[in-house]
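Colleague: Sequence first, predicted coordinates after that:
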Amino acid sequence: MVVATLSVFSVFAQDGTGGINDATQMITSYFGPATQLIYAIGAVVGLIGGVKVYNKFSSGDPDTSKTAASWFGACIFLIVAATILQSFFL
């Protein structure tokens with residue numbers, strides 16, 4: 001009885017490479033749409049930042065350059081992070 005049970009389990013046992021390959025393929029298929037989403041978020045952040053900088057510049061705020069640099073840095077970070085993640089994992 002024990003030998004029959006062990007032989008049944010050995011028939012169902014696999015090495016797991018098929019599951020790992022399927023998981024890898026599923027995860028890598030998300031990088032294209034995720035990268036496009038991050039680029040879209042970067043564009044929206046850039047537009048919002050442009051409006052905020054314009055409002056500060058129009059009102060005569062002396063802190064405009066600091067605000068412009070921070071918004072510009074945020075946009076650059078999003079674009080570079082998406083590109084590096086895609087190149088690193090694919």
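Modeller: Yes, it's here.

Colleague: What residues of the longest helix along the chain count as buried?
Modeller: The longest helix of the chain (DSSP state H) is helix 31-59. Along helix 31-59, these residues count as buried under the neighbour rule (16 or more other Cβ atoms under 10 Å): 35, 38, 42, 45-46, 49, 53, 56. C-beta coordinates here come from the backbone N, C-alpha and C atoms, glycine included.

Colleague: Going by distance to residue 77, which of the residues you listed wins?
Modeller: residue 42 (8.5 Å; Cβ to Cβ).

Colleague: Quick check: that closest one touching residue 83?
Modeller: No. Look at residue 42 against residue 83 with Cβ atoms under 8 Å: they stay out of range, at 10.7 Å.

Colleague: Tell me the one of the buried residues of helix 31-59 nearest residue 73?
Modeller: Nearest to residue 73 among the buried residues of helix 31-59, with distances taken as Cβ to Cβ, is residue 49, at 9.6 Å.

Colleague: Residue 57 versus the nearest residue to the closest one once chain neighbours are set aside, what's the distance?
Modeller: Nearest-residue entry for residue 49: residue 71, 2.8 Å, with adjacent residues in sequence omitted and distances by Cβ to Cβ, 6 or more residues apart in numbering. Distance of residue 71 to residue 57, computed by Cβ to Cβ, to the nearest Å: 12 Å.
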